[in-house]
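*Asks:* What follows is a protein structure lacking sequence information:
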């Protein structure tokens, strides 16, 4: 039988890493003297990293009977979201509605 600690160490570590990523994004936004495009790429990258961190640290994606199924389901959800967003942008910007 596995003994579980009452203190959620992984949650605290995940929270601290999330805070660090947030403060790095704030620093990049306020202090770095680079172009707007580079700032947005850095902030977007940090946001994706933080989302992944939170999925694994707080949502316990890999836990359960078959952690691989959860990861595959999330990959499919990301694919569907990308298709919906890209398709919406394509339809709205390509002028199909102008007849």
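*Replies:* Yep, that arrived. Quick caveat, the model's predicted, so the values are computed rather than measured. Numbers count the residues shown, from 1 in each chain.

*Asks:* from here on, contacts and neighbour counts on C-alpha atoms
*Replies:* Will do.

*Asks:* so what are the domain limits for the chain?
*Replies:* Per the record, the chain has its domains at 7-60, 65-99, by automatic domain parsing.

*Asks:* Compare the mean pLDDT across those and name the weakest.
*Replies:* Mean pLDDT is lowest for domain 65-99 among the domains of the chain, at a mean of 83.

*Asks:* ok so, going back, please identify the deepest-packed of the domains of the chain.
*Replies:* domain 7-60 (a mean of 14; mean count of other C-alpha atoms under 10 Å).

*Asks:* Can you get me the start-to-end distance on that one?
*Replies:* One end of domain 7-60 sits 16 Å from the other (C-alpha to C-alpha, to the nearest Å).

*Asks:* need the longest helix for this structure.
*Replies:* helix 67-93 (DSSP state H).

*Asks:* Give me the distance between it and the centre of its chain.
*Replies:* Centre-to-centre, helix 67-93 and its host chain are 13 Å apart (C-alpha atoms, centre = their mean, to the nearest Å).

*Asks:* other SSEs contacting that helix?
*Replies:* Judged by 3 or more C-alpha pairs under 8 Å, 6 or more residues apart in numbering; DSSP states H and E, helix 67-93 is in contact with no other helix or strand.

*Asks:* Going forward, count from 31.
*Replies:* With the count now opening at 31, the last piece we talked about shows up as helix 97-123.
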